[in-house]
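*Asks:* predicted structure and sequence below. I'll ask about it afterward.
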Amino acid sequence: MGYAVRFEEVTKRYPRGGPRYPSLRHELTESARRLGQRLRGERPEPRGTLAIDRASFEVKEGEAFAIIGPNGAGKSTALKLVSRISYPTRGRVRVRGRVAALIEVGSGVHPELTARENIWLYGQILGMPRTEIRRRFDDIVGFAELAHVLDTPVKMYSSGMQLRLGFAIASHLDPDIFVVDEALAVGDAGFQARCVERMTKLVADGKTLLFVSHNLYAVEGTCRRGIYMERGCVVEVGPVKTCLATYTARAGRHILEHDGGVLSVGSQRLRVRVRCEGPTGFPRLRTGEELRIVCDYESQGPGLRALFHFGVTDGRAGNLLLASQVVEGEASIELQNTGRVFCRIPTLPLMPRIYEVWGEIRLAQGWGNLVDWQPLARFVVDYGSASGEAVSHAWTDGPVRVHSTFWHEKVESLIEA
Amino acid sequence: MSTQGIAESPHKIELVIEGGPRPRLGQALRELWAFRHTALAFAERDVRVKYKQTVLGVLWAVIQPLTFMVVFTIAFGRLAKVPGGGTPYASFSLSALVAWTFLQTAVTFGANALLMDSAIIRKVYLPREVPVLGAVGAAAVDFIIGVSLFAVLAPVLGARFSVAWLLVPVLGVLLALLAAAVALPLAALNVYYRDFRYALPFALQLWLFASPVVYPLSVVPAQWRGLYVAANPAAGILDAFRRVLAQGTTPDVGLLATSLAGTAVLLALGYRLFKSLEPGFADLV
């Protein structure tokens, strides 16, 4: 099988995007300044921001391919190049087949028009032939669940309904290559499930899928192969698990550099800073080691009696673990002046990934929170084992490890007498 | 921005997307042709959206030319005694105003089309002239209503039905080409510098007074007329509309040909400018 998309030494530099908003005057003075530099024999620095730096990779036909990386890695730009919305500064992008994008789903739907008009017109604008729209009209309406409001202007819809309409139209296009940019945070849980189902079906039908998401859980579920990008460069090409492992390792370093700066969370009465510590004191550890969640606080006025309530997630909705004074029924802690509260999880059962600690600090008396439920800190579980076990990529297949034993029994006949 | 492979037969044709040389004119036009239905969809959408949630609805298409006709007839026809060239001033001005309104609406909406549809531009590939041409097409609907209005009012205004009216569609196409020729480069520049957006209403006002709408073309001395029409292609077309609609005669072929040549030059330059700026649109709009 050949490739569907191929990047050959692609560089994309956005012409502007410097510190200033572009204006004609700025443009003229800037050009004059550059001309001056050239005349003096200096080489002016290249203009604009570098979004992709000599990237090369190949997406095979009929494959679900992920592009992962932190913010500003150039993921969305790569998708824009594939869909011909934006052009490379240098290098070549080869695309075999028709491309349709699910970038910013729903932004093209016109609020003044009805759903019927939007399907008809927006469908054509997205490149669906009229006969095709006529044929699939009912499917689209059914998928969006909007049959009862088909002739109401879209502006009267709830925002969820608008997004559903956009996704329904866009996902019923018939391209060879689908480009998806964080589009799945759409609608309620039921609709999201159907979106994932629809994408899985597209791949099963032999479509190529190019997928960008911060939701590593979604990427892992959908894609087999991918690249990991950082600051415009392709760092890793290969199985999606390897890329996620690289992301985990690299982003871990990022977390070390940036988390736990100031006492920022909280109200006027109480300010807190939460960080995570492994055995080395840094927010990274290995499976089975001890994790400490450390909360520095600064309290004003009389002492506050508080209960700490933490949850750990890997990005999906809900928590994998709960570490809570509320659940444990522990005595509340009095916070006065400054101090430090520790929460110790002796044997962390989490597999290699990036995790986020969410939490709230409740007032022990009466109702109300000193700190509302929100993400507070991150930590990384690294590859490698505290007990010296062999570690493989299979370790990332699930987030929580439970100790289990397997055994085997011989049975004569499986048909009950 | 060279793109090999045409969207007409899209199946599994390799497309090479790269920076560098612009596509040739022929290739660009072939691609535009492949997207003709999309342009019509834009036009249909613009027409549908335009009069949504208005009480007067499509009446707005005739209110502007009618109001201007009344004002011009009083101000220029009665008070300033501008000659109507042998026809009543009301039909003299309305015949040109119907055409002028089309030009003005088409240029205004065409020049802003890329900004209005920035969501689509940033998201979907299509030749970027498609929304601009769609906006011009949407204005054509108003134009047809305007011409119908003139036909209905003709007996009252003192204009005569004539076989020459059959030329109106041809002149309409010419006007649409001129509108596209002006709207395309403005739309492109608008993406880069919003200054054009604010300058446009003002520039259109000046253009109105530089064109034979309130006054007849005959006020320009005969030896300068060719040059005037070459510099302002709208003049020849507006004059042709007036001759056909208000006077029931055939247009001045020489002047119309000059207008056509001027329009062709503008269109070629405008389209070229548009295409050369096009690759940056999605990054800047």
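*Replies:* Received the coordinates, thanks. All of these numbers come straight from a predicted model, not from anything done at the bench.
*Asks:* then stretch B:150-170 to PDB, C-alphas only?
*Replies:* Written as PDB, here are the backbone C-alpha positions of stretch B:150-170 (Å, rounded to 0.1, in the frame of the first residue of the first chain):
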ATOM      1  CA  PHE B 150     -37.700  49.700 -14.000                       C
ATOM      2  CA  ALA B 151     -39.800  47.800 -16.500                       C
ATOM      3  CA  VAL B 152     -42.800  48.100 -14.200                       C
ATOM      4  CA  LEU B 153     -42.300  51.800 -13.700                       C
ATOM      5  CA  ALA B 154     -41.300  52.500 -17.300                       C
ATOM      6  CA  PRO B 155     -44.700  53.800 -18.500                       C
ATOM      7  CA  VAL B 156     -44.900  56.200 -15.400                       C
ATOM      8  CA  LEU B 157     -41.400  57.400 -15.900                       C
ATOM      9  CA  GLY B 158     -41.900  58.000 -19.600                       C
ATOM     10  CA  ALA B 159     -39.600  55.300 -20.900                       C
ATOM     11  CA  ARG B 160     -40.600  53.200 -23.900                       C
ATOM     12  CA  PHE B 161     -40.300  49.400 -24.200                       C
ATOM     13  CA  SER B 162     -37.900  48.600 -27.000                       C
ATOM     14  CA  VAL B 163     -36.200  45.700 -28.600                       C
ATOM     15  CA  ALA B 164     -32.900  47.100 -27.300                       C
ATOM     16  CA  TRP B 165     -33.900  45.900 -23.900                       C
ATOM     17  CA  LEU B 166     -32.800  42.500 -25.000                       C
ATOM     18  CA  LEU B 167     -29.200  43.800 -24.500                       C
ATOM     19  CA  VAL B 168     -29.700  44.200 -20.800                       C
ATOM     20  CA  PRO B 169     -28.500  40.700 -19.800                       C
ATOM     21  CA  VAL B 170     -25.300  41.200 -21.900                       C
END
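*Asks:* contacts for that stretch, please.
*Replies:* If you take Cβ atoms under 8 Å, 6 or more residues apart in numbering or on different chains as the criterion, stretch B:150-170 is touched by B:87-88, B:90-91, B:94-95, B:98, B:147, B:240-241, B:243-251. For glycine as for every other residue, the C-beta is placed from the backbone atoms N, C-alpha and C.
*Asks:* over to stretch B:42-61?
*Replies:* Defining contact as Cβ under 8 Å, 6+ apart, one finds that stretch B:42-61 is touched by A:110, A:112-113, A:117, A:121, A:125, A:153, B:63, B:109, B:113, B:117, B:130-131, B:133-138, B:140-142, B:145-146.
*Asks:* what do you get if the cut-off is 6 Å, keeping everything else the same?
*Replies:* For stretch B:42-61, contacts defined as Cβ atoms under 6 Å, 6 or more residues apart in numbering or on different chains pick out A:112, A:121, B:131, B:134-135, B:137-138, B:141-142, B:145.
*Asks:* and those residues, which of them are in helices?
*Replies:* A:121, B:131, B:134-135, B:137-138, B:141-142, B:145 (DSSP state H).
*Asks:* determine which two of these are furthest apart.
*Replies:* Distance extremes for these: the farthest pair is B:Pro131 and B:Ile145 at 22.2 Å, using Cβ to Cβ.
*Asks:* these two: which has the busier surroundings?
*Replies:* Using other Cβ atoms under 10 Å in any protein chain shown, the more surrounded residue of B:Pro131 and B:Ile145 is B:Pro131, with 30 against 17.
*Asks:* distance of the residue nearest to A:Leu348 when sequence neighbours are not counted relative to A:Val380?
*Replies:* Using Cβ to Cβ, 6 or more residues apart in numbering or on different chains and skipping the chain neighbours, the partner closest in space to A:Leu348 is A:Leu291 (4.6 Å). Going from A:Leu291 to A:Val380 by Cβ to Cβ, to the nearest Å gives 11 Å.
*Asks:* go on, A:Met351?
*Replies:* Using Cβ to Cβ, A:Met351 is found at 12 Å from A:Val380.
*Asks:* more neighbours: which of those two?
*Replies:* Neighbour count, other Cβ under 10 Å: between A:Met351 and A:Val380, A:Val380 has more, with 24 against 19.
*Asks:* ok, the more buried one touching A:Pro352?
*Replies:* No - here A:Val380 lies out of contact with A:Pro352, judged by Cβ atoms under 6 Å, at a distance of 8.1 Å.
*Asks:* what sits against B:Val136?
*Replies:* B:Val136 neighbours (Cβ under 6 Å, 6+ apart): B:106, B:110, B:176, B:179-180.
*Asks:* please apply the same query to A:Ala115.
*Replies:* A:Ala115 neighbours (Cβ under 6 Å, 6+ apart): A:146, A:150, A:165.
*Asks:* which residues of chain B fall in strands?
*Replies:* Ranges of strands in chain B, per DSSP state E, are B:14-18.
*Asks:* spell out which parts of it neighbour chain A.
*Replies:* Chain B has residues B:1, B:10, B:12, B:14-19, B:38, B:41, B:45, B:49, B:52, B:119-120, B:123-125, B:193, B:279, B:282-283 near chain A, with proximity defined as Cβ under 6 Å from any Cβ of the partner chain.
*Asks:* quick check: domain ranges of chain A?
*Replies:* With automatic domain parsing as the criterion, the domains of chain A are listed as A:3-12+A:58-251, A:259-397.
*Asks:* what about residue 276, how many neighbours?
*Replies:* No chain specified, so I'll use chain A. Neighbour tally, A:Cys276, other Cβ under 10 Å: 27.
*Asks:* if you could check chain B rather than the one you did, that'd help
*Replies:* B:Ser276: 12 neighbours (other Cβ under 10 Å).
*Asks:* and for A:Arg92?
*Replies:* When neighbours are counted by other Cβ under 10 Å, A:Arg92 registers 17.
*Asks:* report the distance from the helix or strand it falls within to the chain centre.
*Replies:* With secondary structure defined by DSSP states H and E, A:Arg92 is part of strand A:90-96. Centroid separation for strand A:90-96 versus its chain: 26 Å, with Cα atoms, centre = their mean, to the nearest Å.
*Asks:* ok, residues contacting the following helix or strand past that strand?
*Replies:* Where DSSP H and E defines the elements, the next helix or strand beyond strand A:90-96 is strand A:99-101. Outside strand A:99-101, the residues that touch it by Cβ under 6 Å, 6+ apart are A:83, A:173, A:175, A:177-179, B:123.
*Asks:* just checking: what are the partner strands of strand A:99-101?
*Replies:* Applying DSSP bridges, strand A:99-101 is found paired with strand A:177-181 (parallel).
*Asks:* contact partners of the partner strand?
*Replies:* Here strand A:177-181 has contacts from A:4, A:76, A:79, A:82-83, A:97, A:99-103, A:202, A:207-212, using Cβ under 6 Å, 6+ apart.
*Asks:* now, which of the contacts of stretch B:42-61 sits nearest A:Ala249?
*Replies:* Nearest to A:Ala249, judged by Cβ to Cβ, of the contacts of stretch B:42-61 is B:Pro131 at 45.4 Å.
*Asks:* excluding sequence neighbours, find me the nearest residue to the closest one.
*Replies:* B:Ala113 (4.2 Å).
*Asks:* also A:Cys233?
*Replies:* Nearest non-adjacent residue to A:Cys233 (Cβ to Cβ, 6+ apart): A:Asp53, at 5.1 Å.
*Asks:* now that neighbour: which helix or strand?
*Replies:* In the assignment (DSSP H and E), A:Asp53 maps to strand A:49-60.
*Asks:* drop anything exposed from the contacts of stretch B:150-170.
*Replies:* Those of the contacts of stretch B:150-170 that meet the buried threshold are B:87-88, B:90-91, B:94-95, B:98, B:147, B:240-241, B:243-248, B:251, by 16 or more other Cβ atoms under 10 Å in any protein chain shown.
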